[in-house]
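*Asks:* quick one: sequence and predicted model below, then my questions.
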Amino acid sequence: MNPFVAVIWAATLAATILGVIPVVLLFLNRTLNAARHIKHYTEEILATGGAIAQNTARIAALKQTIAAAAPLLGEAESAERHLAAIEAALTSKAGLTSTGIGNGQVEDQEALS
């Protein structure tokens, strides 16, 4: 082999071993660290997403509760009106006014029962 070619070959081999391989290993190490960070953040995102999904799963039940509450509220208002009418009828029959004892016929609230 030509001595000039051998020197060029040896210089290229030395440059590869001393220069290129450490740079490649540095880049591989940085890539591995980035991949580990991505894995860590992905696990955090997955855990957070699971918690969000668990919390938002209750929205359907809340919507059903709201849908059921509207008719119940209407019925409660109707019952309140009926009770007010019954109370008005009983107080007028017993001679009571809205302030308590009316014309002296009933001296005690317990006398109504």
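*Replies:* That came through, no problem. Residues are numbered from 1 along each chain as shown.
*Asks:* secondary structure element holding residue 13?
*Replies:* Under the criterion of DSSP states H and E, residue 13 resides in helix 3-15.
*Asks:* again with residue 72
*Replies:* Assigned by DSSP H and E, residue 72 falls in helix 58-94.
*Asks:* what's the spacing between that helix and its chain's center?
*Replies:* From the chain centre to the centre of helix 58-94 is a distance of 31 Å (C-alpha atoms, centre = their mean, to the nearest Å).
*Asks:* tell me the confidence at residue 50?
*Replies:* Reading off the confidence values, residue 50 has pLDDT 92.
*Asks:* swap in residue 73?
*Replies:* Looking at residue 73, its pLDDT is 85.
*Asks:* ok, now how distant is it from residue 79?
*Replies:* Residue 73 is 11 Å from residue 79, where distance means C-beta to C-beta, to the nearest Å. Glycine gets a C-beta too; all of them are placed from N, C-alpha and C.
*Asks:* same thing with residue 33?
*Replies:* Using C-beta to C-beta, residue 33 is found at 69 Å from residue 79.
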